[in-house]
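Asks: Would you be able to build a 3D model of this:
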Amino acid sequence: MLRHALKKREPAAAPAGAPVPAPALTRAALLVLCACVLVAQGMVAAVNLLIPQLAASTLHPTPEQLLWTVDAYVIVFAALLIPAGALGDRYGRKGALLAGLLLFAAGGAVSALCAGPALLIAGRGLCGAGAALIMPATMSVLIHLSPPERRGQALATWTLAAGLGGLAGNVGGGLAGQFLTWRALFWAVVPLGILLALAVARTVPRTPARREASVDPAGAALLAGALLAVVYAIIEGPSYGWGSVRVLSSFGAGAALLAAFTGYGLRAARPLLDPRIFASRRLRAGALGIGAAFFGLFSLFFVNAQYLQYAKGFSPAQTGFAIVPLTVGMALVPKYGARLQERTGPRLPVGAGLGLIGGGLLLVSTADAGTPYALYALYLLVLSVGTGLCAPALTLTVVAELPAHQAGLGSGVNTAAREIGAALGVAVVGTVLASRFHGVPQGPAQVAAFTDAMGAALRTVAVVLLVAGAAVVAGYRDRAPAGTRSRA
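Replies: Numbering: from 1, shown residues only. The predicted model follows:
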């Protein structure tokens, strides 16, 4: 059904070698594409604001189920991004985007109607599947319609939309938690998805499909299984013990599936993702850098709302607005980061940006109930500026290392790295937090124990991020800036 729908949406691919004129990217189309990114990204942040309300709801989720409620979205999102990008390349990006918006709306309805944690997690996974079609389709349309000299700015605009999505998600989630219910937030996804689909159908131009692009169900299944096994082991480690058969078996299964995916990709005639593309040191550095940045960012998203509500006594609505400093840098700095990358190459904005993210996490790890909000907001701003500074250069690196006709695959690799990092960030910070603190903090002693556990979790994440950042900077040496090179 999905394949048939995507086929009908797009024109047939042009004959090999025939020039295909690129349609113009209108302002209306740009705004609609950015709105799609904003909504898909916003739902990740919004759920974090509702963790305390969900924990106290009639669903009675366990701490592990709360983690899966957050991570189901990003795990499915990350696991399907690369095949979804290839699907858009083959059958049409506009059709992939429309199908993703409708799946996104359906997942919101399932979450809103759920009677237990399992169905809530399933609805979140369905939303993640929709987002997996939305994000690479929007980026690849922008890449396809933008001339090479303007791609850096186009990708900075895409990054800006993602940053504003974090702001909208936090404010929307906070307002829903304060004045409505968590079900109302999921119900809001339904009309949003439908309205955006209508706007896409009207304003976004079609781009040529590539019938030779590989979708590769076997490769997609191996990649998704590897990711699911590893994140499952991380989430369940504190409950069952890191040396338990269940956890060690999950880690082993993840490693085996990843090895099978690599071996299959090297042998297959038309693999989903040829592992040989990672022979490019820059592509490896870009993907690792994107993953590391969002590993740190989403670890903070997971604990931030809990800290502000439990330790500072903020209401959900106040919490939503209190996180605005975290999105200021992501909204305002990407265009500056893109210009810096064009002048100096990616190494400076990437190194400085990742360093600021790690430093911001270390600063936040010192916060406790007595920390003034103004100081805490400054810590968030440091982290936010770092994200906005490095994101455009990292994104352009991954995109520039693949030919333009593989824009969907390139955007899938880029966004998959973001979401894998996000999923692991939530999993790692959540498990370290759970291993040191249980329950809901209700008195000063429990609040102090919670902030101590939060600090330890964020310091763990910061150390991992800074080590990864050093490896990323090393991977950028001895090459011309990615934005100055053209691809066939």
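Asks: For residue 350, give its distance to residue 386.
Replies: As defined by C-beta to C-beta, to the nearest Å, residue 350 lies at a distance of 10 Å from residue 386. For glycine as for every other residue, the C-beta is placed from the backbone atoms N, C-alpha and C.
Asks: typo on my end, residue 183
Replies: Note on residue 183: its distance to residue 386, by C-beta to C-beta, is 35 Å.
Asks: now residue 127
Replies: Distance check for residue 127 against residue 386: by C-beta to C-beta, it reads 28 Å.
Asks: residue ranges for the strands of the stretch 301-450 of the chain, please.
Replies: Secondary structure of the stretch 301-450 of the chain (DSSP state E, counting those that start in this stretch): no strands located.
Asks: which stretches of it have low pLDDT?
Replies: Within the stretch 301-450 of the chain, the ranges that satisfy pLDDT under 70 run 401-412, 439.
Asks: ok, 90 please
Replies: Residues of the stretch 301-450 of the chain that meet the criterion pLDDT under 90 lie in 301-352, 368-370, 384, 387-450.
Asks: returning to what we had before: which one's more surrounded, residue 183 and residue 386?
Replies: Set side by side, residue 183 and residue 386 show more neighbours around residue 386, with 29 against 16, by other C-beta atoms under 10 Å.
Asks: show me the contacts for the more buried one.
Replies: 293, 329, 352-360 (C-beta atoms under 8 Å, 6 or more residues apart in numbering).
Asks: can we see that at 7 Å?
Replies: Shown in contact with residue 386 (C-beta atoms under 7 Å, 6 or more residues apart in numbering): 353-357, 360.
Asks: now swap in residue 225 and tell me
Replies: Contacts of residue 225 (C-beta under 7 Å, 6+ apart): residue 257.
Asks: Could you measure from residue 272 over to residue 261?
Replies: 9 Å.
Asks: Revised request: answer the last question for residue 46.
Replies: Using C-beta to C-beta, residue 46 is found at 32 Å from residue 261.
Asks: ok, back up a step: who touches both of residue 272 and residue 261?
Replies: Counting by C-beta under 7 Å, 6+ apart, the contacts common to residue 272 and residue 261 are residue 219.
Asks: Against residue 172, how distant is the closest residue to residue 175 other than its chain neighbours?
Replies: Distances taken as C-beta to C-beta, 6 or more residues apart in numbering place residue 317 nearest to residue 175, at 5.3 Å, with adjacent residues excluded. Look at residue 317 and residue 172: by C-beta to C-beta, they are 10 Å apart.
Asks: center of this protein - which residue?
Replies: Nearest residue to the geometric centre of the chain (C-alpha atoms, centre = their mean): residue 419, 3.6 Å.
Asks: My read is that that one contacts residue 77, right?
Replies: Yes - with contact defined as C-beta atoms under 7 Å, residue 419 reaches residue 77; the gap is 4.7 Å.
Asks: Give me the neighbour count for residue 370.
Replies: Residue 370 sits with 9 neighbouring residues when counted by other C-beta under 10 Å.
Asks: Backbone dihedrals for it, please?
Replies: Main-chain torsions, residue 370, degrees, to the nearest 10: phi -90, psi 0.
Asks: Look up how far residue 47 lies from it.
Replies: To residue 47, residue 370 is 28 Å away according to C-beta to C-beta.
Asks: hmm, back to that, comparing residue 46 and residue 261, which residue is more hemmed in?
Replies: Neighbour count, other C-beta under 10 Å: between residue 46 and residue 261, residue 46 has more, with 27 against 24.
Asks: check contacts around the residue nearest to the centre of the chain.
Replies: Applying C-beta under 7 Å, 6+ apart to residue 419 gives the contacts 74, 77-78, 81.
Asks: surely residue 86 meets residue 272?
Replies: Yes - Residue 86 sits in contact with residue 272 when judged by C-beta under 7 Å, with a separation of 6.0 Å.
Asks: what's near enough to touch residue 33?
Replies: Residue 33 sits next to 138, 141-142, 204 when contact means C-beta under 7 Å, 6+ apart.
Asks: check which helix or strand covers it.
Replies: Here residue 33 sits within helix 27-49, counting by DSSP states H and E.
Asks: could you say what helices and strands whichever helix or strand comes after that helix packs with?
Replies: The C-terminal neighbour of helix 27-49 among helices and strands, as given by DSSP H and E, is helix 51-55. Counting contacts by 3 or more C-beta pairs under 7 Å, 6 or more residues apart in numbering; DSSP states H and E, helix 51-55 packs against helix 63-91, helix 281-306.
Asks: count of neighbours near residue 113?
Replies: 13.
Asks: separation between it and residue 248?
Replies: To residue 248, residue 113 is 37 Å away according to C-beta to C-beta.
Asks: do the same with residue 187
Replies: Distance, residue 187 to residue 248, by C-beta to C-beta: 41 Å.
Asks: Least confident of the helices and strands packed on helix 51-55, on average?
Replies: When these are ranked by mean pLDDT, helix 63-91 comes last with a mean of 75.
Asks: Ramachandran angles for residue 269?
Replies: Residue 269 adopts backbone torsions of phi -70, psi -40, taken as degrees, to the nearest 10.
Asks: how much space is there between it and residue 216?
Replies: Using C-beta to C-beta, residue 269 is found at 10 Å from residue 216.
Asks: Please apply the same query to residue 41.
Replies: Applying C-beta to C-beta, the value for residue 41 to residue 216 is 27 Å.
Asks: out of those two, which sits in the more crowded spot?
Replies: The residue with more neighbours, out of residue 41 and residue 216, is residue 41; 23 against 20, by other C-beta under 10 Å.
Asks: Would you check that my belief about the more buried one contacting residue 162 is correct?
Replies: Yes - at 4.7 Å, residue 41 counts as touching residue 162 under the criterion of C-beta under 7 Å.
Asks: before we move on, back to that, as TSV, the contacts of residue 33 with distance to residue 303 would be great.
Replies: Listed next are the contacts of residue 33 as TSV, based on distance: C-beta to C-beta, whole Å:
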residue	distance to residue 303
138	29
141	35
142	33
204	37
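Asks: Would you quantify the distance from residue 281 to residue 470?
Replies: Remark: distance between residue 281 and residue 470 (C-beta to C-beta) = 15 Å.
Asks: Give me the common contacts of residue 41 and residue 162.
Replies: By C-beta under 7 Å, 6+ apart, no residue touches both residue 41 and residue 162.
Asks: Now do the buried residues in whichever strand or helix holds residue 125.
Replies: Per DSSP H and E: residue 125 is located in helix 117-145. For helix 117-145, burial by neighbour count (16 or more other C-beta atoms under 10 Å) applies to 117, 120-145.
Asks: Done for today, thanks.
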